[in-house]
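*Asks:* Sequence below, structure please.
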Amino acid sequence: MTDLHGNIQIWRERISYADVMVDPNFMLIGAQKCGTSWLAAMLRQHPDIFVPEKKELHFFNLKSNYARGIEWYRKQFDGWSGQKLVGDCTPNYLWEQSALAA
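*Replies:* Residues are numbered from 1 along each chain as shown. Modelled structure (predicted):
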C-alpha cells in the first residue's frame, strides 16, 4: 500500500498482550515467614517484572490445581504486559518432591 506521495507504507499488526499466553521464567520459593510475601510485593513494583496478584498458585504441588491443566496455570499470568521477567511465587514448592520433579 502507498500513501498520497507514492511512498510504500508498511502496516504492522499490533500484538495485544491479552492474546499472548506467557510462562514464568523464574520462581520464588522459600520457607514460611522468611519474607517471600514482601519480596513478591517488591518485585511487582519493578517495571520489567510481572508477578500475578495471587501470590501462591500452588500449581506444581497441589494435585487439584495441577489437574486443571497448563492452560489454567498460564491464565494466572493474564495481567502480563510485556515485562521481561515473569514469576511464580509459591514458597511451598521448596518442600514438595513432586514440584521439584516438574
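*Asks:* Any buried residues in the longest helix along the chain, and which?
*Replies:* Taking DSSP state H as the criterion, the chain has its longest helix at helix 36-44. Neighbour counts over helix 36-44 (16 or more other C-beta atoms under 10 Å) mark 36, 39-40, 43 as buried. (C-beta placed from N, C-alpha, C; glycine too.)
*Asks:* Run through who's touching that helix.
*Replies:* Under the criterion C-beta atoms under 8 Å, 6 or more residues apart in numbering, residues 28-30, 49-51, 53, 55, 87, 89, 91 lie in contact with helix 36-44.
*Asks:* who wins for neighbours among those?
*Replies:* Counting neighbours by other C-beta atoms under 10 Å, residue 51 leads the contacts of helix 36-44 with 26 neighbours.
*Asks:* ok now do that residue, which residues does it touch?
*Replies:* By C-beta under 8 Å, 6+ apart, the contact set of residue 51 is 28, 40, 43-44, 86-87, 89.
*Asks:* Now flag whichever of these is closest to residue 66.
*Replies:* residue 89 (17.3 Å; C-beta to C-beta).
*Asks:* tell me the pLDDT at the closest residue to residue 48 other than its chain neighbours?
*Replies:* Of all residues not flanking residue 48 in the chain, residue 84 sits nearest, at 4.6 Å (C-beta to C-beta, 6 or more residues apart in numbering). Looking at residue 84, its pLDDT is 96.
*Asks:* Quick check: residue 84 touching residue 47?
*Replies:* No: Residue 84 is not in contact with residue 47 according to C-beta atoms under 8 Å; the separation is 9.4 Å.
*Asks:* So which of those two has more stuff around it?
*Replies:* residue 84 (10 against 7).
*Asks:* how far away is that one from residue 50?
*Replies:* 9 Å (C-beta to C-beta, to the nearest Å).
*Asks:* Residue 70 now?
*Replies:* Taking C-beta to C-beta, one finds residue 70 at 18 Å from residue 50.
*Asks:* hang on, residue 90 packs against residue 57?
*Replies:* Yes: with contact defined as C-beta under 8 Å, residue 90 reaches residue 57; the gap is 5.4 Å.
*Asks:* quick one: which of the two has more around it?
*Replies:* residue 90 (25 against 20).
*Asks:* Many thanks, we can stop here.
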